[in-house]
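> Structure, please.
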Amino acid sequence: MQAQPTTTHRRHHQRGLTLVELMVAMAVSLLLLAALTAVFINSNSARREIDLSAEVMENGRYASDVLGRELALTGFYGTLVAVPGNTLDLSKLCSSALADWTDSLGMPVFGVLDTDAKPSCLASRKSGTDAIFVQRVSTCAVGETGCAAESNNFAYLQVSECGTEYGTTPFVLATGGSGSGTFTLQNKTCSAAGTAPRRKLIRRVYYVSADNQLSYQEIGLSTNPAPVVLVDGIEDLQISYGIDGNADGSIDEFKPAPTGAEWTNVIGLRVGVQALSSSPSRQTQPGTTDNLKRRVYNTFIPFEAPTLKRQS
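Below is the predicted model:
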């Protein structure tokens with residue numbers, strides 16, 4: 001008989017990780033995770049600082065640009081050459097009387113100093129900051145496309161375009177909607193059938209509010225509209241006034257606080273705005289207790305209309 005072959009069963013053994021190997025792998029993984037976490041935190045912190053710096057730069061530059069555009073037309077009264085009325089002080093800054101508006105027409109700018117008390121129309125102005133009152137007429141005439149409708153809450157200036165009439169009655173300043181018999185000055189045709197355009201008199205005070213917002217308050221005859229916020233994140237506004245002492249259209253000196261007749265000779269401004277971030281920085285900001293980022297921006301704003309009149 002032949003012997004039957006025997007079947008050998010082989011066991012395949014799988015070798016696992018030892019406890020030491022497992023602990024080493026976990027330790028390495030934790031070190032890698034800690035390193036990645038540190039990189040993420042540092043990257044996030046750096047990105048946040050960059051965002052805060054960009055916010056401050058954007059607010060400051062935008063505020064300077066807005067003020068430049070808003071204030072450049074100060075003293076623009078259309079074709080009116082000689083502008084009478086030089087009576088204005090802090091007590092009449094917020095006046096709603098048309099007589100006071102007429103008496104101050106020749107003063108296109110008046111400053112509220114950082115040490116002055118708050119005028120009644122600037123209750124929300126931040127203490128220790130400058131504010132500036134300016135006036136001019138609108139660049140569009142009543143009835144033109146895109147120009148606001150006439151309102152009895154504001155005054156309107158009509159300047160005669162007829163040479164013979166201009167010599168006796170150069171302009172009319174009256175309340176809007178006061179009747180067809182008020183604005184009767186003639187246009188270039190020198191005919192009663194053609195009346196000269198009338199433009200809204202704009203009287204505004206630019207200031208920084210207690211909420212650190214660059215704003216302006218428009219002054220009306222019966223009620224004041226709500227303040228208009230121009231830029232957030234503006235902490236301070238400081239102004240120095242350029243005075244043309246010899247009426248040649250060039251600035252002779254800058255003063256932070258002109259007096260008396262010097263206000264009528266102001267033809268430009270040096271404006272400093274201090275912007276700040278909306279949240280604290282994680283880096284120490286020297287000289288601060290709140291760790292907010294801050295930056296000061298300075299700009300020069302010439303008043304185009306008064307300057308050109310003096311140069312002509």
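> can you give me the helices for the stretch 1-150 of the chain?
19-71, 98-103 (DSSP state H, counting those that start in this stretch).
> Buried ones in stretch 110-123, by neighbour count?
Neighbour counts over stretch 110-123 (16 or more other CB atoms under 10 Å) mark Phe110, Gly111, Val112, Asp114, Pro119, Cys121, Leu122 as buried. No exception for glycine: its C-beta is placed from N, CA and C like everyone else's.
> out of the helices of the stretch 1-150 of the chain, nearest to Ser138?
helix 19-71 (13.0 Å; CB to CB).
> what is the mean pLDDT for the closest one?
Helix 19-71 shows a mean pLDDT of 84.
> next one: stretch 273-293
Rounded mean pLDDT across stretch 273-293 is 88.
> Let's see the distance spanning it from one end to the other.
This stretch, stretch 273-293, spans 14 Å end to end (CA to CA, to the nearest Å).
> Sort out which residues of it are buried, please.
Across stretch 273-293, burial judged by 16+ other CB under 10 Å covers Val273, Gln274, Ala275, Leu276, Ser277, Ser281, Leu292, Lys293.
> can you give me the strands in the stretch 101-250 of the chain?
Per DSSP state E, counting those that start in this stretch, the stretch 101-250 of the chain carries strands over the ranges 109-112, 131-137, 155-159, 171-175, 198-208, 213-218, 228-232, 234-243.
> Can you work out which other helices and strands pack against the third one?
What that stands for is strand 155-159. strand 171-175, strand 198-208 (3 or more CB pairs under 8 Å, 6 or more residues apart in numbering; DSSP states H and E).
> just those strands: most buried one?
When you average the neighbours per residue for each of those (mean count of other CB atoms under 10 Å), strand 198-208 leads with a mean of 23.
> so what strands line up beside that strand?
Using DSSP bridges, strand 198-208 pairs in its sheet with strand 131-137 (antiparallel), strand 155-159 (antiparallel), strand 213-218 (antiparallel).
> Give me the angle between it and strand 171-175.
If you take axes from the mean of the first three to the mean of the last three CA atoms, to 10 degrees, strand 198-208 sits at 70 degrees to strand 171-175.
> Could you list the alpha-carbon positions for strand 198-208 in CSV?
The C-alpha coordinates for strand 198-208 follow below in CSV (Å, rounded to 0.1, in the frame of the first residue of the first chain):
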residue,chain,number,x,y,z
ARG,A,198,-31.9,130.1,-9.1
ARG,A,199,-29.8,127.8,-7.1
LYS,A,200,-30.2,126.4,-3.6
LEU,A,201,-28.0,128.0,-0.9
ILE,A,202,-26.1,125.1,0.8
ARG,A,203,-25.1,125.7,4.4
ARG,A,204,-23.3,122.8,6.1
VAL,A,205,-21.2,122.1,9.1
TYR,A,206,-18.6,119.3,8.8
TYR,A,207,-17.6,117.6,12.1
VAL,A,208,-16.6,114.4,13.8
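> okay, the angle between it and strand 234-243?
120 degrees.
> Quick one: mean pLDDT for stretch 87-96?
92.
> That one: how far from the chain's middle?
23 Å (CA atoms, centre = their mean, to the nearest Å).
> what comes up buried for it?
Quick answer for stretch 87-96 (16+ other CB under 10 Å): Leu88, Leu93, Cys94, Ser95.
> How about the last one, nearest residue that isn't a chain neighbour?
Distances taken as CB to CB, 6 or more residues apart in numbering put Trp101 closest to Ser95, at 7.2 Å, once the chain neighbours are dropped.
> ok, now which ones touch the one you found?
Shown in contact with Trp101 (CB atoms under 8 Å, 6 or more residues apart in numbering): Ser95, Ala155, Leu173, Leu201, Arg203, Leu221.
> For those, name the two members farthest from one another.
Ser95 and Leu173 (14.1 Å).
> Distance to Glu253 for the contacts of Trp101 - can I get that in JSON lines?
Listed next are the contacts of Trp101 as JSON lines, based on distance: CB to CB, whole Å:
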{"residue": "Ser95", "distance to Glu253": "30"}
{"residue": "Ala155", "distance to Glu253": "33"}
{"residue": "Leu173", "distance to Glu253": "32"}
{"residue": "Leu201", "distance to Glu253": "30"}
{"residue": "Arg203", "distance to Glu253": "27"}
{"residue": "Leu221", "distance to Glu253": "36"}
